[in-house]
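Undergrad: pasting the structure only:
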């Protein structure tokens, strides 16, 4: 009887409260927050699942890159910063879409780094 309870608890523990595709997409939503990329980096250090590690690292790197590039562009070329903001938004939406499909979408410049280190 006790072993049956233990096995049912183990199977319950294996079932996630939230599907992993929702968690992967959440990493991209978090990077919108100030220093949200830091949350994704912490998740990268903690999570063991390969797909979640990929999306958490890519989201963190993407958040950092967007902040740096848009800040620098806004100083030197505000019109270019607006255009880059639209491009970043499209890449962000695409990454969320593919995360929900549990697929890897490589964002240019940061995707390869995330894939190698996931």
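TA: Happy to help now that I have it. Just so you know, these numbers come straight off a predicted model, no measurement behind them.

Undergrad: so what's residue 102 closest to, chain neighbours aside?
TA: residue 21 (4.7 Å; C-beta to C-beta, 6 or more residues apart in numbering). Just so you know, the C-beta spots here come from the backbone N, C-alpha and C atoms, and that holds for glycine as well.

Undergrad: residues contacting the nearest residue to residue 36 once chain neighbours are set aside?
TA: The shortest distance from residue 36 to any non-neighbouring residue, by C-beta to C-beta, 6+ apart, is to residue 30 (4.3 Å). Shown in contact with residue 30 (C-beta atoms under 8 Å, 6 or more residues apart in numbering): 36, 37, 39, 40, 59.

Undergrad: out of these, who has the most neighbours?
TA: residue 59 (32 neighbours; other C-beta atoms under 10 Å).

Undergrad: so what's that one closest to, chain neighbours aside?
TA: residue 27 (3.9 Å).

Undergrad: Tally up the residues packed near that neighbour, please.
TA: Neighbours of residue 27 (other C-beta under 10 Å): 29.

Undergrad: Let me see the mean pLDDT of stretch 86-101.
TA: The pLDDT scores in stretch 86-101 average 94.

Undergrad: got the buried residues for the helix or strand containing residue 75?
TA: Per DSSP states H and E, residue 75 falls inside helix 50-76. Neighbour-count burial for helix 50-76 flags 51-67, 69-70, 73 (criterion: 16 or more other C-beta atoms under 10 Å).

Undergrad: Might you report the residue contacts of the residue nearest to residue 59?
TA: 40, 43, 52, 55, 56, 58, 59, 60, 99.

Undergrad: My guess is the fourth one contacts residue 24. True?
TA: It stands for residue 55. Yes: counting by C-beta atoms under 8 Å, residue 24 is a contact partner of residue 55 at 4.0 Å.

Undergrad: Which neighbours do the two have in common?
TA: Shared contacts of residue 55 and residue 24 (C-beta under 8 Å, 6+ apart): residue 99.

Undergrad: mind checking pLDDT for residue 21?
TA: In this model, residue 21 is scored at 89, pLDDT.

Undergrad: Residue 104 now?
TA: 91.

Undergrad: Show me the shaky parts of this protein.
TA: Along the chain, segments meeting pLDDT under 70 span 1-17.
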